[in-house]
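> turn this into a model:
(chains A, B, C and D)
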2 protein chains.
Amino acid sequence: MARLPVYLRALNALLDADTRTCSSEELATAAGVNSAKLRKDLSHLGSYGTRGVGYDVEYLRYQISREIGLTQDWPVVIVGIGNLGHALANYSGFSSRGFRTVALLDADPSRQGELVAGLKIRAFDELTAIVREHGVAIGVIATPAAAAQAVCDKMVGAGIRSILNFAPSVLSVPEEVDVRMVDLSSELQILAYHEQRKSNQAIAGGDGVVA
Amino acid sequence: MARLPVYLRALNALLDADTRTCSSEELATAAGVNSAKLRKDLSHLGSYGTRGVGYDVEYLRYQISREIGLTQDWPVVIVGIGNLGHALANYSGFSSRGFRTVALLDADPSRQGELVAGLKIRAFDELTAIVREHGVAIGVIATPAAAAQAVCDKMVGAGIRSILNFAPSVLSVPEEVDVRMVDLSSELQILAYHEQRKSNQAIAGGDGVVA
DNA sequence: CTCAGTTTGTTCCCACGTTCACAAACTCTT
DNA sequence: AAGAGTTTGTGAACGTGGGAACAAACTGAG
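Numbering: from 1, shown residues only, chains lettered A, B, ... in the order given. Model prediction:
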């Protein structure tokens, strides 16, 4: 379920505030969802709450971590060390949550050898060997759109089965491979769409369509 | 609709390949969706296709751009110029799609004055004045989680009504304000979740739960 | 002009996810 | 020990979104 990471974040925040137990209502508010939804989500993992009391924050946190798979080590490779790849390599949110960046790859020879976030940028050709050596299952694509499909194909060929794609390009992959797409400019466009509708409503008091 | 930007990308790709007209089937494949869904989405905008022929790529592209609001200018401010803010400021996908970054803001005085992507980093205090001056409606938050809500509140106070939040923190805003959240580590966690289930299936041939 | 072929726009149906509402279960006071 | 007060887990209604299928509309050939 895509909301588990949100719950996990909320639980971590509660732990930081030394909260030992919490109700579904509190946790739901912190996570920004309905409390019934939260309870149903959690009940799919098992009965980790106590009626009349609530949830033990530490215990629930561990159970969700385990469910997501954060109790194990996830080696990750990042391909495409431009501005975005650079930022991702330095992003503390990855390493602090059980993800370990084992290699940074770039096709541009002039960048290879450069030190980013304590790792030397290596040649894209080394991908297969690195995946084999570290047992990498997750790959991050931060290349331009034109290169994304080729990088993806090589990742799949090397055995990677989960891909996080930041390139604005639809990837075609075998069925057993998961792709999650993060398109930064799409997000802005969606905001602009809603913003425009809000403006039109303010002006026309309607849907902005002139008959 | 959240899929319009995807369609727009696909149409741009078709235009680059000098395609004048396309069927819903082609466009749907390029966008990675079902053709019936695509037709239904497009029909919400109006009847821009011709039965027996298909859609005029250029015309449809313009109509979608107009619907999203890309025919107008969208000034944007980015707050928090760390690794990620830096990458966003340099990200060509924003400027090439009608979004104009008018200011970069950071609370850290030692960074202020620094030149990033042709813009000088300015003090966070200047936010309200900048929003007023440029008519900014969209704000991007790329600060640490701890600062996000305060930045958000100041944005809302200054009149910003659409916020793109990269900080891993749930923002509370008035109803009329839109927030889109992009949580990079959540994306990785969702991948890890699926990856773990795939591994368990491969080993146990079941759901991985031991009775 | 007519008819076969093609493709859009739309209707109908289904499945999923969300929410409400309530029973089961726990705590604490008296 | 019993009852009042909480809070979880879940069953049932509801709404939304997706997909198949079909009618309407266009093209082109004969």
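> how near is the most centrally placed residue in chain A to A:Y7?
Nearest to the geometric centre of chain A sits A:L164, at 7.3 Å (C-alpha atoms, centre = their mean). Distance, A:L164 to A:Y7, by C-beta to C-beta, to the nearest Å: 20 Å. Every C-beta, even on glycine, is put in place using the N, C-alpha and C of the backbone.
> relative to B:K37, how far out is A:L8?
Counting by C-beta to C-beta - A:L8 and B:K37 are separated by 32 Å.
> cool, A:R180 as well?
Per C-beta to C-beta, A:R180 is found 20 Å from B:K37.
> ok, residues contacting stretch A:56-64?
A:4, A:7-8, A:11-12, A:14-15, A:19-22, A:42, A:45-46, A:48-50, A:71 (C-beta atoms under 8 Å, 6 or more residues apart in numbering or on different chains).
> quick check: buried residues in that stretch?
Within stretch A:56-64, the residues that count as buried by 16 or more other C-beta atoms under 10 Å in any protein chain shown are A:56-57, A:60-61, A:63-64.
> just the mean pLDDT for it, thanks.
For stretch A:56-64, mean pLDDT rounds to 98.
> about what we covered before: what's the first helix or strand after whatever helix or strand the residue nearest to the centre of chain A lives in?
In the assignment (DSSP states H and E), A:L164 maps to strand A:162-165. Sequence-wise, the next helix or strand downstream of strand A:162-165 (DSSP H and E) is strand A:178-181.
> and the helix or strand immediately after that following strand in the chain, how far out from the chain middle?
Using DSSP H and E, the helix or strand that follows strand A:178-181 in sequence is helix A:184-204. Centroid separation between helix A:184-204 and its chain, computed with C-alpha atoms, centre = their mean, to the nearest Å, is 25 Å.
> show me what helix A:184-204 is packed up against.
Packing partners of helix A:184-204 (3 or more C-beta pairs under 8 Å, 6 or more residues apart in numbering or on different chains; DSSP states H and E): helix B:4-16, helix B:57-68, strand B:74-79, helix B:92-95, strand B:99-106, strand B:138-141, strand B:162-165, strand B:178-181.
> A:L4 touches B:A192, doesn't it?
No: here A:L4 does not reach B:A192: they are 10.4 Å apart, not a contact under C-beta atoms under 8 Å.
> find residues that contact each of these two.
A:I68.
> what helix or strand is A:K40 on?
Assigned by DSSP H and E, A:K40 belongs to helix A:35-45.
> near chain B at all, that helix?
No: with C-beta under 8 Å from any C-beta of the partner chain as the measure, helix A:35-45 is seen stopping short of chain B, the closest distance being 10.8 Å.
> list the strands paired with the helix or strand following that helix, with their directions.
Using DSSP H and E, the helix or strand that follows helix A:35-45 in sequence is strand A:49-50. Partners of strand A:49-50 in the sheet, by DSSP bridges, are strand A:54-56 (antiparallel).
> can the partner strand be found next to DNA strand C?
No: Strand A:54-56 stays clear of DNA strand C (C-beta under 7 Å from any atom of the strand), getting no nearer than 9.7 Å.
> related to what we said a few turns ago, and the residue nearest to the centre of chain A, what's its pLDDT?
With respect to pLDDT, A:L164 has a value of 98.
> who's the closest residue to it other than its chain neighbours bridged to?
The shortest distance from A:L164 to any non-neighbouring residue, by C-beta to C-beta, 6 or more residues apart in numbering or on different chains, is to A:V140 (4.7 Å). Beta-bridge partners for A:V140, by DSSP bridges, are A:I78, A:L164.
> so A:V140 makes contact with A:P75?
No: the pair A:V140 / A:P75 is not scored as a contact, 11.6 Å apart, by C-beta under 8 Å.
> ok, the two, which is more surrounded?
A:V140 (31 against 17; other C-beta atoms under 10 Å in any protein chain shown).
> show me the residues around the more buried one that make contact.
A:76-79, A:85, A:88, A:163-164, A:166, B:188.
> about what we covered before: give me the subset of the contacts of stretch A:56-64 touching DNA strand D.
Checking the contacts of stretch A:56-64 against DNA strand D by C-beta under 7 Å from any atom of the strand, the ones in range are A:22, A:42, A:48-50.
> now those residues as TSV including pLDDT, distance to A:V116 and neighbour count?
As requested, these are exported to TSV (pLDDT from 0 to 100; distance: C-beta to C-beta, whole Å; neighbours: other C-beta atoms under 10 Å in any protein chain shown):
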residue	pLDDT	distance to A:V116	neighbour count
A:C22	97	39	21
A:L42	98	39	22
A:Y48	97	40	14
A:G49	95	44	20
A:T50	97	47	10
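> ok, so of those residues, who is nearest DNA strand C?
Of all these, A:T50 has the smallest distance to DNA strand C: 5.2 Å, by C-beta to the nearest atom of the strand.
> excluding its backbone neighbours, what's nearest the closest one?
A:D56 (7.8 Å).
> same check, this time on A:M155
Nearest residue to A:M155 in three dimensions, chain neighbours excluded: A:G139, at 4.4 Å (C-beta to C-beta, 6+ apart).
> tell me the contacts of the one you found?
A:76-79, A:131, A:155, A:160, A:162-164.
> what of A:F124?
A:79, A:105-107, A:151, A:154.
> just A:N34 next, same as before
A:A28.
> rewinding a little: between the buried residues of stretch A:56-64, which sits nearest chain B?
Using C-beta to the nearest C-beta, A:I64 is the member of these that lies nearest chain B, at 9.8 Å.
> for that closest one, give its distance to B:V170.
From A:I64 to B:V170 the distance is 16 Å (C-beta to C-beta).
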